[in-house]
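Enquirer: Only the shape, not the letters, is given here:
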């Protein structure tokens, strides 16, 4: 059984990525691995941690209802989210990585997001980017 790896943040783009990841895992009869990765550091305080955990709890309830074989990984260990997603995709022999993208300004469109760009360039498998309007 293959795997579909989803990059999740508790924001609309993360919700869209999980929704599409569920659909892709069903289509491929694959395990769904949902990854929430944060670099940590001074900006990662108790409030940020609580907000992230609340989003993860709600998302995990959604995964239980999907009936899929899934794994949820919440990582705060000093690595960039792109590094974690690519490493997990490599380790799980993923068929697909799903990430969410949000609307950006014209300059933002030029540079994309640094994590999204790194995932697109370094992924060991196809990457599906889901755009949030």
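Expert: Cool, the structure landed. These figures come from a predicted structure and were not determined experimentally. Numbers count the residues shown, from 1 in each chain.
Enquirer: Can you tell me the closest non-neighbouring residue to residue 86?
Expert: What sits nearest to residue 86 in space, not counting adjacent residues and going by Cβ to Cβ, 6 or more residues apart in numbering, is residue 122, at 4.9 Å. To be clear about C-beta, it is placed using only N, CA and C from the backbone, and glycine gets the same treatment.
Enquirer: Now do the one you found, the pLDDT please.
Expert: The score at residue 122 is 94. That number is its pLDDT.
Enquirer: Residue 4 now?
Expert: If you check residue 4, the pLDDT there is 98.
Enquirer: Count the neighbours of the residue nearest to residue 86 for me.
Expert: Look at residue 122: counted by other Cβ atoms under 10 Å, it has 15 neighbours.
Enquirer: Next, find the distance separating it from residue 101.
Expert: Distance, residue 122 to residue 101, using Cβ to Cβ, to the nearest Å: 17 Å.
Enquirer: Look up the closest residue to residue 7, ignoring the ones flanking it.
Expert: In space, residue 7 is closest to residue 99, 4.5 Å off (Cβ to Cβ, 6+ apart).
Enquirer: Right, I'll call it a day here.
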